[in-house]
Structure formats: C-alpha cells, structure tokens
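1. A predicted structure for the sequence below; I have some questions about it.
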Amino acid sequence: MAEVRPFRGLRYPGTVDLDDLVAPPYDVLSAAQAAELRARSPFNAVHLDLPVGPGESPGAAAYTRAAEVLATWRRDGVLRREAEPAVYLVDQTYRGPDGRERVRRGFIARLVLADLEDGVVLPHERTHAGPKADRLALYRASHSDLSQIFLLFPDDAGRVADELNAAAAAVMSTRDAVEARDGDGNTHRTAPVFGAAAARVAALLRDQTLYIADGHHRYETALAYRDERRKLGDHSADTMMVYLCGMNDPGLTVFPTHRLLKGVDLPPMAEVLERLRPVFDVLPESAFGCPACERVLARELETSADSERVFGLYFPPEEACALVRLRDFSALDRLVDEGFSAESAALTVTILHYLIFRDALGIDPTHTEGMIDYVSDLPSAFSRLGNGEYALGAFINPTLVSEVKRIADQGATMPQKSTYFYPKLLTGLVYDALGD
C-alpha cells in the first residue's frame, strides 16, 4: 500500500527570480551546462545537487561542501521552510516534437519507502552501480532529498486528476505560486496545497501501485540509505521526495532515447547490414551526410506504425544511414527461450540491444556501461555524431507508457534508458530535509 504524505518543504522565497536558481536533473547536465548554472547564481540548485566542480573528482569534500551550503542557505533565509505540510502542485507547459503545446500536471510529496519486492513501487529498468554510489555519498553528507524521482500512478477513473484540477483552480493564481523557465523555454509553475485538499490527494494514492518513470538509481539508493540509518535506530530516512503524475494525464509524453556507441570497433556499414539481413529487412530509404540522414530518419521513424519495429542506423565512418525493420518475428521466440517474457522480448529497446547490438555486432547488453551515450532528439544526436567520437548512432521509436506498465507488472525490466519522459522536472522547485 503506497503511503504518500504532505511535508514542509524548503523553498526559495516567492519574491526571487527562479530562472537563475533551478536546474535540470544532475544526470542530464553536461560539464559546460553545470558550470554555466554555477556562474549564473551562487544559489543555483547545482551547488547542492551536483557539487563536484570543474576538474574536481567526486569525493567526500564535494558532498560535505554541498551539505554546508544547504545549512548556510537555511540559516541565511535563502531557503525557507513551509509553515505547514503541503503537497506541491506542478504544472509544466511545454511544446512537444509535434509543435503542440501541452500541460503536464503532477505533484511533489513525500513517499514512505517500500522495498521493491513488496510490489508497492515497481521498476522497469536495470541499474548500474556507479550512479548509486554518487547519490549515496550525497545522502550521507546532506541527509536531504535535493531532487525528486518521477513516479506514475494509474488513474483510470480520473479521481486524482479531479482533485488536482480543483486544487489548481484554488492555488495556481495565488501569491504562493511561483514560476520558472527552463533552457528549452518550458514553464514550470509550482504552488503548495495545504490542509484537507492535500490530505485528499494523498489518500487517493493509498491503494495504488506506483511505477518508476525516472529515477531507478535514486530509488534504490534511497532504500540503501534508509537501511543504513535504521541500523543506527534512526527512521528519519524512511521517506523520499517524489513527483507523481497520472498515467492518463493528457500532458504525459515519452520521447525515444537514442543510442550513440563509442569505444567499440565495428565492421563497415555493408557488413553490418549483411549480418542483419537474416532477421531484418534493409529498407530502401538511405542517405549520406548528417543533415540528410537526420531528415530521413525523422520522417521514417515518425511515420512507422507502433506495431512495426523500425530502427535507424547511422555509420560515422561512411557518413551514411540506413533503416532496418524486423522481419523474422521468430527471433523474438528465441529471446523468450532465453528468459524474456513475450512482452519484453517485443520491446524496441530489447530488439535493439539483443538482436542488433548483441547478435549482429557482438556487444554484450549486460556490459555496456561507459560504451553508450543516450540522447533524446535527433538534432542533438547528429551534432555529436559528426565529432569522430562515435562508432554508430542507433535510433528508435519511444516506448509506450502502456508497455512500461505491463513490463513492471510482470516484474521484468527493460534495458537502461528505455524511456525519456519529457519535460524533466526541475531541481530546486522544492527541497526536503529528511526528519524535519
């Protein structure tokens, strides 16, 4: 049973310009972007959530510095604690790749941590050890939740949506509401919801199963930190700050997460395509050069049906691209024989990692840490593919929310970075000092 609670968050005063104080999640920031945000304001969220500076190796000194900064901000009034417990309504207004403006509505609250085997919070992706070590060190130093993970919940009857809409009508135009704009021009408007309204929202989640959309590493890290503190007789780390959004929310969108392979030696393009032909059709559409390939892949991937399994491949040495489509669906039966469920075997990301990366390229899907960079949009991918660092660009269609739910319900997992829920939630809208 999910237990969601209002809490007394730490927030910047509503009189300040939040644009200079918030930041994207730490794990999507480049070193240059982090440096720019640090320079923008001494009170930007990166000073807490990404305390490792330019040229500095991750270490205890950086995390201790973050904890000291947080304590100083609280003492000096840079951050103020809410007078009473609240859930924090968040409206994110953005434009998707189709040019349509959407609003995604969710809220930030405390969640009582549940072990993954309990079935209250379900993951859908595998994790790596490295990111968990970093976040655990930050937990130990700060004893705070400095950013939220992203959870989804079923809301087929729309009861939670109705409560959130009623709350939004009451609070989103008050002076408690604050607004920030991210680097993509998206607007993030946040307001606390107090009292009976907050309690009603929390109560409606009590019988729900929650699904991790983004933040698998951080959830596992929070469990590890909770267990550390419990051994000392301390239960102040039994909760985690989370962002919750309904699966039926009209503003919920998922982008594809394309793969850029590096540090591997691959055969020439013609040989790779020949290796794929027993299982895939090589489609006639192809192009040369990054601009032309970007146009071809955008057009063909966007128009392929959900039931099709179409992949775009860009080969930097030849500066050429090709499209392949799964033809031999009995290959999925072979994945089932290896232990995949029928649903997980049919996922685009599974086919990419096992039938293309493993079977055609000889890349072990269980040992790809450090070999793959992930990017969610074609322009960014092709701007990087021209720099000589990468051996291959692999482009896919997005995983559907319904697929995420089915896989999680089965207790199965997808390859890492199978989904990219857009827009990301900004860090700095609210912080949570554990135990307060």
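-> Looks like it came in fine.
2. and the strands in the stretch 101-250 of the chain?
-> Along the stretch 101-250 of the chain, the stretches classed as strands by DSSP state E, counting those that start in this stretch are 101-112, 121-122, 144-145, 149-153, 178-181, 187-194, 210-214, 239-246.
3. looking at these, spot the one closest to Glu403.
-> Nearest of the strands of the stretch 101-250 of the chain to Glu403, taken as CB to CB: strand 210-214 at 11.4 Å. Heads up, the C-betas are built off the backbone N, CA and C, glycines and all.
4. each with direction, which strands does that closest one pair with?
-> As defined by DSSP bridges, the strand partners of strand 210-214 come to strand 121-122 (parallel), strand 149-153 (antiparallel).
5. for Leu297, which non-adjacent residue is closest in space?
-> Of all residues not flanking Leu297 in the chain, Gly312 sits nearest, at 4.0 Å (CB to CB, 6 or more residues apart in numbering).
6. which parts of the helix or strand containing the one you found are buried?
-> Gly312 is located in strand 310-315, with elements delineated by DSSP states H and E. For strand 310-315, a neighbour-count test (16 or more other CB atoms under 10 Å) marks 310-315 as buried.
7. swap in stretch 207-227?
-> For stretch 207-227, burial by neighbour count (16+ other CB under 10 Å) applies to 208-223, 225-226.
8. with stretch 12-32 instead?
-> In stretch 12-32, counting by 16+ other CB under 10 Å, buried: 12, 18, 21-27, 29.
9. for the closest residue to Leu392 other than its chain neighbours, grab phi and psi.
-> With sequence-adjacent residues excluded and distances taken as CB to CB, 6+ apart, Leu392 is closest to Leu261, at 4.4 Å. Torsion angles at Leu261 (phi, psi; degrees, to the nearest 10) stand at phi -90, psi 140.
10. with Glu82 instead?
-> phi -60, psi 140.
11. need the nearest residue in space to it, chain neighbours excluded.
-> Nearest one to Glu82, counting by CB to CB, 6+ apart, is Arg8 at 4.4 Å.
12. neighbours around the residue nearest to Leu18 when sequence neighbours are not counted, how many?
-> Distance criterion CB to CB, 6+ apart; nearest residue to Leu18, sequence neighbours excluded, is Ala180 at 3.7 Å. Counted with other CB atoms under 10 Å, residues neighbouring Ala180 total 20.
13. how close does Ala180 sit to Pro379?
-> Going from Ala180 to Pro379 by CB to CB, to the nearest Å gives 24 Å.
14. cool, Thr239 as well?
-> Per CB to CB, Thr239 is found 39 Å from Pro379.
15. neighbour count winner among the two?
-> Per other CB under 10 Å, whichever of Thr239 and Pro379 has more neighbours is Thr239, with 22 against 11.
16. give me the neighbour count for Leu332.
-> Around Leu332 there are 22 residues (other CB under 10 Å).
17. I'd say it and Ser344 touch.
-> No. In this structure Leu332 lies outside contact range of Ser344 using CB atoms under 8 Å: 9.8 Å.
18. that older thread, so for the residue nearest to Leu297, what's the pLDDT?
-> Here the pLDDT value assigned to Gly312 is 95.
19. surely it meets Ser304?
-> No. Gly312 lies out of contact with Ser304 (CB under 8 Å); the separation is 9.9 Å.
20. check contacts around the most centrally placed residue in the chain.
-> Centroid-nearest residue in the chain, with CA atoms, centre = their mean: Asp214, separated by 3.5 Å. Residues in contact with Asp214 (CB atoms under 8 Å, 6 or more residues apart in numbering) are 25, 149-150, 419, 421, 424.
21. and for Val103?
-> If you count contacts by CB under 8 Å, 6+ apart, Val103 has them with 91-93, 250-251.
22. in strands only, show me these.
-> Among the contacts of Val103, the members falling in strands (DSSP state E) are 91-93.
23. among those, which one has the most neighbours?
-> Using other CB under 10 Å as the neighbour test, the ones in strands among the contacts of Val103 are led by Gln92, with 22 neighbours.
24. so it bridges to which residues?
-> Under the criterion used (DSSP bridges), Gln92 bridges to Arg104, His188.
25. that one contacts Asp184, doesn't it?
-> No. With contact defined as CB under 8 Å, Gln92 does not reach Asp184; the gap is 10.7 Å.
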